[in-house]
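In: take a look and give me a structure for this.
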Amino acid sequence: MFRKAWRGEERFWKVWWLLGVPIHVAWWIVYLDLWTSGVAPETFLLMTVWFWPGMLGVFALCSVVYLLWCTIAWRCSGNVEHRVWTLVARVLIGVGLGSFVTECALILTTPFA
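Out: Down below sits the predicted model:
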């Protein structure tokens with residue numbers, strides 16, 4: 001599945017539902033856990049990236065996984081029955097990437113006070 005997806009040959013629904021949804025659910029579970037603990041996720045991420053050894057590596061690994069998924073989702077987004085889903089998927093991927101870049105910029109450029 002991964003080779004076909006990397007080449008853009010996999011059906012889009014498989015990439016979106018079988019790969020993308022679990023990645024996003026895991027991310028949101030972490031976010032919700034932080035919010036219910038009373039810690040703003042941005043503050044937690046900033047603290048972990050700058051003060052916990054090795055956390056920058058974990059952050060980088062998670063970023064690579066997300067960017068790989070975005071890449072294969074974009075490549076496979078044309079493999080749909082109705083072309084409107086290609087447009088919808090690419091808009092959602094673009095919005096997600098914009099949010100990701102914004103979060104990365106905030107985390108990596110904001111000094112911890």
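
In: on contacts alone, who are the packing partners of whichever strand or helix holds Ala5?
Out: Ala5 belongs to helix 2-6 when assigned by DSSP states H and E. For helix 2-6, the packing partners by 3 or more CB pairs under 8 Å, 6 or more residues apart in numbering; DSSP states H and E come out as helix 55-76. Glycine gets a C-beta too; all of them are placed from N, C-alpha and C.

In: list of residues touching the helix it packs on?
Out: With contacts defined as CB atoms under 8 Å, 6 or more residues apart in numbering, helix 55-76 is touched by 2, 5-12, 14-16, 19-20, 23, 27, 45, 48-49, 89-90, 93, 96-97, 100, 104, 107.

In: from these, list the buried ones, please.
Out: 5, 8, 10-12, 15-16, 19-20, 45, 49, 89, 93, 96, 107 (16 or more other CB atoms under 10 Å).

In: okay, who's weakest in those residues by pLDDT?
Out: Within the set of those, pLDDT is lowest for Val49 (61).

In: how many neighbouring residues does the nearest residue to Gly96 once chain neighbours are set aside have?
Out: Once flanking residues are discounted, Gly96 sits nearest to Cys70: 6.8 Å by CB to CB, 6 or more residues apart in numbering. Look at Cys70: counted by other CB atoms under 10 Å, it has 17 neighbours.

In: which helix or strand contains the nearest residue to Ser77 once chain neighbours are set aside?
Out: Among residues not flanking Ser77 along the chain, Ala89 sits closest, at 4.2 Å (CB to CB, 6+ apart). In the assignment (DSSP H and E), Ala89 maps to helix 84-109.

In: report all helices and strands that that helix contacts.
Out: So helix 84-109, by 3+ CB pairs under 8 Å, 6+ apart, packs with helix 12-13, helix 41-51, helix 55-76.
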